[in-house]
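[1] Sequence plus the predicted model coming up.
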Amino acid sequence: MDMNDLDIRSLFPPPAEEDWRAAAEKLLKGKPFRETLFSQTDEGLTLSPIYWPGGEPLRVMPGRGKRHWELAQTLYAGNDTFNRRAREALQNGQTALRLDLDVSSQWGSAPPHIPGRMGSIHLTEAAALDELLANIDPAKTPLYFDALNRPAEIAGAIKVFLEKRGCKNAGGGLGADPLSGALRYGGFPTDWPMQAEGMQKAAEILRDFPEFDLVTIHADIIHNSGGHKVRQLAYFLSVAANYFRLLSRDAAADPPPGGWRLRLAAGNEQFAEIAKFRAARLLWRNLLHAFDLDEKNYPLAIDAVTSWRYMTLFDPWVNMIRATGQAFAAVIGGCDSLDVLPFDLALGRPDAFSLRQARNISVILSEESYLGKVREPAGGSAYLDNLTREMAGEAWRLFQHMEEQGGILSLIREGRWQKDIREEAAREERDYEEGRRKAIGSNVFPNPAEKRPTKAGPGLQVNILPGPAAEAVEPLPEKRALADFEERRLREETE
């Protein structure tokens, strides 16, 4: 018989759903079927024990070239050490640079709220980039900034630097996002019309650099503050809709075309996180359709970062395992760049070993696990397709509800957005306190004799005092889920 004529389905017909359920109930020996085999996510989505293929498989990845993501580690360096660390990283597998700006570069001199984690690169004048990027070719190395509330100022410095280098085709992103900046720092440094004007000025400044993206929506702030996955996606949509309107010069105009970026954190629930990343692309297409915009003119890049929220201080080596699973989910979900947090970040300033280990996670996933060779590794999975569609649907419904309430700007100004996330975060933290959620080495299987790595200090700190804002809003502090639990355990160790 010609093997091409062999009909596998006739020899091994696929089982019907009813047959599978009958076999499952027999194995359960009287235990309730639904209560035993079905579970609920934090977002209210029901996870089934098995999914049956139905309809065409989802294809969410854009059809451009082969699968590849930029390795874009944060280097946790100041102006004096960044260039050396950057050149070392580029020689050892890193392919893009993330310039982690300080508070005065992102917001201003004295914001109302001082975040627990801040960058140390000071960029208030163009000349600083000459030193930061000496002997680094911007035509070959994408540069990612987090301008937040000062897009025009940072864009101006970038333009001067790139023109001096004669580089019009530099890739990267400015990271403009004044709404996320307001949540991070507790307000707007100028009134909202001036913030909008700054976005429009930045768009004009970068017009001659078509490969340099203007906006990065920082939905990782929502994750690290305790907001669940559907809320992160709805935030992305509502902020993007706000910026579409803001960047349109008049009612009939479209926002300037070009790349848009989403910074999305990857958490611990691997399959749900894969679905979250895939859902972001479905939702982007839906949003563009709603605004009657052509997807070819508005490509979306997703910058993934592993979770600060689920990083632990105790038994920090387990963070290597967590970060690997989170990075895997981001890659399978289709990220365009990846930033793996060093395993010892909760203890203080990362050292050369932890930075190298974080970078190597991405290298191993790409080169040794061959994930960089597969165009759409989640394609064809009925489970992930169903979960992706459900998550996208819930996020779209929440987004529509937010728009009916006036949009994300109104919700942030009134504090309703922050209140909902605080409640979600508190529920999750109670689950860790009471053991319903488990973190190895922290609230289960602790090691009383543990010897943790000694760090130089409590991380990168900027000695600034809080000040007033042109318009204050309630901040949204990023907080590790086990921070309070660990503080009590540390006190017990010293008593």
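    Here it is on my side, so go on. Just so we're clear, the structure is a prediction, and the values are computed from it rather than from any experiment. Numbering: from 1, shown residues only.

[2] what separates the lengthiest helix in the chain from the chain centre, distance-wise?
    Looking across the chain with DSSP state H, the single longest helix is helix 382-404. Relative to its chain's centre, helix 382-404 lies at 18 Å (CA atoms, centre = their mean, to the nearest Å).

[3] what comes into contact with stretch 317-326?
    266-268, 270, 273, 306-307, 310-312, 340-341, 343-346, 357-358, 361, 365, 439-441 (CB atoms under 8 Å, 6 or more residues apart in numbering). For every residue, glycine as well, the C-beta is placed using N, CA and C.

[4] among those, which ones are buried?
    The neighbour-count test (16 or more other CB atoms under 10 Å) marks 266-268, 273, 306-307, 310-312, 340-341, 343-346, 357-358, 361, 365, 439, 441 as buried among the contacts of stretch 317-326.

[5] Keep only those of these that are in strands.
    266, 306 (DSSP state E).

[6] Tell me which stretches of the stretch 1-150 of the chain form helices.
    Assigned by DSSP state H, counting those that start in this stretch, the stretch 1-150 of the chain shows helices spanning 8-11, 17-28, 33-37, 82-91, 103-106, 127-132.

[7] in the fourth one, what counts as buried?
    Yep, that's helix 82-91 we're talking about. Applying a neighbour-count criterion of 16+ other CB under 10 Å, one finds 82-83, 85-87, 89-90 buried in helix 82-91.

[8] which residues sit against the longest helix of the chain?
    43-45, 47-48, 50-54, 57-58, 60, 229-231, 233-234, 237-238, 241, 271-272, 274-276, 278-279, 282-283, 286, 378, 408, 411.

[9] ok so, going back, now go through the buried ones among the contacts of stretch 317-326 and say which are in helices.
    Under the assignment DSSP H, those contribute 273, 357-358, 361 to helices.

[10] Quickly list the domain ranges of this structure.
    16-50, 70-420 (automatic domain parsing).

[11] Dump those into JSON lines; add mean pLDDT as well.
    As requested, the domains of the chain are arranged in JSON lines below (pLDDT from 0 to 100):
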{"stretch": "domain 16-50", "mean pLDDT": "86"}
{"stretch": "domain 70-420", "mean pLDDT": "94"}
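
[12] What ranges does the protein have for its strands?
    Going by DSSP E, the chain shows strands at 39-40, 46-47, 70-71, 97-99, 143-145, 172-176, 187-188, 212-218, 260-266, 300-306, 337-339, 471-472.

[13] Adding distance to residue 422, write those out as TSV.
    Formatted as TSV, the strands of the chain follow (distance: least, CB to CB, whole Å):
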stretch	distance to residue 422
strand 39-40	21
strand 46-47	26
strand 70-71	34
strand 97-99	29
strand 143-145	29
strand 172-176	26
strand 187-188	17
strand 212-218	18
strand 260-266	18
strand 300-306	22
strand 337-339	26
strand 471-472	17
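
[14] so which of the ones you listed gets nearest residue 21?
    The closest of those to residue 21 is strand 46-47. By CB to CB, the value is 15.8 Å.

[15] Pull up the distance across stretch 202-221, start to finish.
    One end of stretch 202-221 to the other measures 23 Å (CA to CA, to the nearest Å).

[16] should've said stretch 32-48
    Termini of stretch 32-48 sit 14 Å apart (CA to CA).

[17] Residues in contact with that stretch: which ones?
    Contact with stretch 32-48 is made by 21, 24-25, 28, 49, 228-231, 269, 272, 386-387, 390-391, 394, 424, 428, as judged by CB under 8 Å, 6+ apart.

[18] Filter these down to just the buried residues.
    The buried subset of the contacts of stretch 32-48 (16+ other CB under 10 Å) comprises 228-231, 269, 272, 386-387, 390-391, 394, 424, 428.

[19] Quick check: of these, which lies closest to residue 124?
    residue 231 (33.9 Å).

[20] Verify the contact between that closest one and residue 420 for me.
    Yes - with contact defined as CB atoms under 8 Å, residue 231 counts as touching residue 420 (7.4 Å).

[21] hang on, the earlier thing: return the most buried member of the domains of the chain.
    domain 70-420 (a mean of 20; mean count of other CB atoms under 10 Å).

[22] Check what contacts stretch 415-434 and list those residues.
    42, 183, 222, 225-228, 231, 405, 408, 411-412, 437-439, 442-443, 473-476, 479, 481-482, 484-485.

[23] Quick one: the helices in the stretch 201-350 of the chain, in order.
    According to DSSP H, counting those that start in this stretch, the helices that the stretch 201-350 of the chain contains are 220-224, 229-247, 270-290, 318-333.

[24] Dump those helices to TSV, plus distance to residue 128.
    Putting the helices of the stretch 201-350 of the chain into TSV (distance: least, CB to CB, whole Å) gives the following:
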stretch	distance to residue 128
helix 220-224	25
helix 229-247	27
helix 270-290	33
helix 318-333	31
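
[25] so which of the ones you listed comes closest to residue 72?
    Evaluated with CB to CB, these place helix 318-333 nearest to residue 72, the distance being 11.9 Å.

[26] Compute the inter-axis angle for that closest one and strand 300-306.
    160 degrees (axes from the mean of the first three to the mean of the last three CA atoms, to 10 degrees).

[27] you'd agree residue 182 is up against residue 473?
    Yes - under the criterion of CB under 8 Å, residue 182 makes contact with residue 473 at 5.2 Å.

[28] who touches both of those two?
    Joint contacts of residue 182 and residue 473 (CB under 8 Å, 6+ apart) are 188, 412.

[29] List the residues that contact residue 157.
    Counting by CB under 8 Å, 6+ apart, residue 157 has contacts 123-126, 128-129.
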